[in-house]
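> the following block contains a protein sequence and its predicted model.
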Amino acid sequence: MDLEFAGEIWFWKGPAPWHFVTVPEPESGAIADASSLVTYGWGCIPVQARIGRTRWATSLIPKDGRYLVPIKTAVRRAERLDLGETVTVQLVVDV
């Protein structure tokens, strides 16, 4: 399953601070429909992600009926991304 969407980078400053983009509702619904085929625990979904020219392997995290895409520091640096920017995210979910 290939998905593409735009979303804003936001910061979670919990005990392990991290940057995320939230997957919109329609795409989250499609992922949820396939989740039983690909989840490996706690509802996390392994994906290949891409922003700009940067690709990386990560796992989507379920949150409040949607999914979060973790955006690594290396990705933000490579693409010169800042908090609050809207980015286009491409995901490949291997179902």
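Arrived safely.
> next SSE after the longest helix belonging to the chain?
For the chain, the longest helix by residue count, based on DSSP state H, is helix 25-38. Per DSSP states H and E, helix 25-38 leads on to strand 45-51 as the next helix or strand towards the C-terminus.
> angle of that next one against helix 25-38?
Relative orientation of strand 45-51 with respect to helix 25-38: 130 degrees, computed using axes from the mean of the first three to the mean of the last three CA atoms, to 10 degrees.
> helices and strands around strand 45-51, which ones?
Here strand 45-51 touches helix 25-38, strand 54-63, strand 66-71, strand 86-92, going by 3 or more CB pairs under 8 Å, 6 or more residues apart in numbering; DSSP states H and E. The C-beta positions use only the backbone N, C-alpha and C, and glycine is treated the same way.
> could you rerun that using 6 Å?
strand 54-63, strand 86-92 (3 or more CB pairs under 6 Å, 6 or more residues apart in numbering; DSSP states H and E).
> buried residues in the first one?
This points to strand 54-63. Buried residues in strand 54-63, counted by 16 or more other CB atoms under 10 Å: Thr54, Thr58, Ser59, Leu60, Ile61, Pro62.
> CA atoms only: put that strand into PDB for me.
What follows is strand 54-63, C-alpha atoms only, in PDB (Å, rounded to 0.1, in the frame of the first residue of the first chain):
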ATOM      1  CA  THR A  54      15.200  11.300   2.200                       C
ATOM      2  CA  ARG A  55      14.000   7.800   2.800                       C
ATOM      3  CA  TRP A  56      14.000   5.800   6.000                       C
ATOM      4  CA  ALA A  57      12.500   2.800   7.700                       C
ATOM      5  CA  THR A  58      10.300   3.600  10.700                       C
ATOM      6  CA  SER A  59       7.100   2.500  12.400                       C
ATOM      7  CA  LEU A  60       3.800   4.300  12.600                       C
ATOM      8  CA  ILE A  61       2.500   4.800  16.100                       C
ATOM      9  CA  PRO A  62      -1.300   4.600  16.700                       C
ATOM     10  CA  LYS A  63      -2.800   7.600  18.600                       C
END
